[in-house]
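Novice: 3D, please:
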Amino acid sequence: MNILVATSSRHGSTREIGSAIADTLREAGHTVDELKMEEARGVEQYNSIIVGCAVYMGGWLPEVRAFVERNRRPLDSMPVWLFSSGPIGPSTPALDARRLEESAGLSVRDHRVFPGKLDRRQLGFGERLAVRLVKAPEGDFRDWEDIRQWARKIGAHIGSVSVRPG
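Specialist: Numbering: from 1, shown residues only. Here you go, the predicted structure:
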């Protein structure tokens, strides 16, 4: 299967999760492209897509909605998985995922929320202030085995999915 892993990541943590997912799928024999959300074009060439987004201030980055709007038609004809990374404080990534599904008419197979990574040295002034206000702990909280296990489940499922004709 030809799979796209498209991520939107402000400081790279979500992109690293996307890379781990892509590597796991490649190990299972799938052909996988990894692209930044804003670079992902021609999605109709893929059989399945995994969309990953960093969570900031309780929600997804705007690039995800733009990506879905830009690719509404091809996304409607393929299996789609979503993952969110790095929620701190009050978070609504599941609500964001549901809104994307409803607004775009997507048939999302699963949405997972993975803990992220917080390195204050990478943050701008406003981000550092927000992190301080919500008392977010610094560190790398990603569970790589959980991420790879989710990717393996996707890989097994993709092998049995029949893609709707476009």
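
Novice: quick one, what contacts Asp146?
Specialist: By CB atoms under 8 Å, 6 or more residues apart in numbering, the residues touching Asp146 are Phe114. Any C-beta I mention is one placed from the backbone N, CA and C, and that applies to glycine too.

Novice: where's it relative to Phe67, distance?
Specialist: According to CB to CB, to the nearest Å, Asp146 stands 25 Å off from Phe67.

Novice: Same question for Trp144.
Specialist: Trp144 is 25 Å from Phe67, by CB to CB.

Novice: Look at those two and report which has more neighbours.
Specialist: Phe67 (26 against 13; other CB atoms under 10 Å).

Novice: Find me the pLDDT at the more buried one, would you?
Specialist: On the pLDDT scale, Phe67 is placed at 88.

Novice: again with Ala20
Specialist: What the model reports as pLDDT for Ala20 is 97.

Novice: now the helices: where do they sit in the protein?
Specialist: Secondary structure of the chain (DSSP state H): helices located at 13-27, 62-70, 72-76, 93-104, 125-134, 144-158.

Novice: Least confident of the ones you listed, on average?
Specialist: Among the helices of the chain, helix 93-104 scores lowest, at a mean of 55.

Novice: contacting residues around Ala6?
Specialist: Contact partners of Ala6, counting by CB under 8 Å, 6+ apart, are 18, 35-37, 40, 43, 49-52, 67.
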